[in-house]
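In: here is my input, please return the structure:
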Amino acid sequence: MPGKAFECQWTLTTSAGQLMVEGPFFDASDSTLTVIGGTGAYRGAHGEMKLHARDAKGSAYDFTYSIDIP
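Out: Numbering: from 1, shown residues only. So this is what the prediction gives:
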């Protein structure tokens, strides 16, 4: 959606492995991205990541992961 959202890919890297998410990033509202995979301790993970802007300028965000690991 031009001017409203764009496709986003995000990789969280920790000492335990990596967790990858993908989905829409909305300019003016919260976004929910899908967990598409992981490595190390996150291998086989599925779930979602919610992205919430802390201020109107979008200069800081909260990343909230809800994941299941088999």
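In: so who does the residue lying closest to residue 45 once chain neighbours are set aside touch?
Out: Leaving out its chain neighbours, the residue that sits closest to residue 45 by CB to CB, 6 or more residues apart in numbering is residue 38, at 4.1 Å. Just so you know, the C-beta spots here come from the backbone N, C-alpha and C atoms, and that holds for glycine as well. Residue 38 makes contact with 17-20, 44-45, 69 under the criterion CB atoms under 8 Å, 6 or more residues apart in numbering.
In: most neighbours among those, which one?
Out: Neighbour counts for the contacts of residue 38, by other CB atoms under 10 Å, peak at residue 19, which reaches 25 neighbours.
In: which SSE is that one in?
Out: Following DSSP states H and E, one finds residue 19 within strand 17-26.
In: contact partners of that strand?
Out: 1, 4-12, 31-43, 45, 48-49, 51, 65, 67.
In: drop anything exposed from those.
Out: 10, 31, 33, 35, 38, 42, 45, 49, 51 (16 or more other CB atoms under 10 Å).
In: what sits opposite the closest residue to the second one other than its chain neighbours in the beta ladder?
Out: In this structure, residue 31 finds its nearest non-sequential neighbour in residue 51, 4.4 Å apart by CB to CB, 6+ apart. Residues in a beta bridge with residue 51, per DSSP bridges, are residue 31, residue 63.
In: related to what we said a few turns ago, among the contacts of strand 17-26, which are in helices?
Out: Within these, no residue falls in helices by DSSP state H.
In: pLDDT score for the residue nearest to the spatial centre of the chain?
Out: The geometric centre of the chain, computed from its C-alpha atoms, lies nearest to residue 49 (CA atoms, centre = their mean), at 4.1 Å. If you check residue 49, the pLDDT there is 97.
In: ditto for residue 60
Out: pLDDT, residue 60: 92.
In: my read: it touches residue 52, true?
Out: No: counting by CB atoms under 8 Å, residue 60 does not reach residue 52; the two are 9.9 Å apart.
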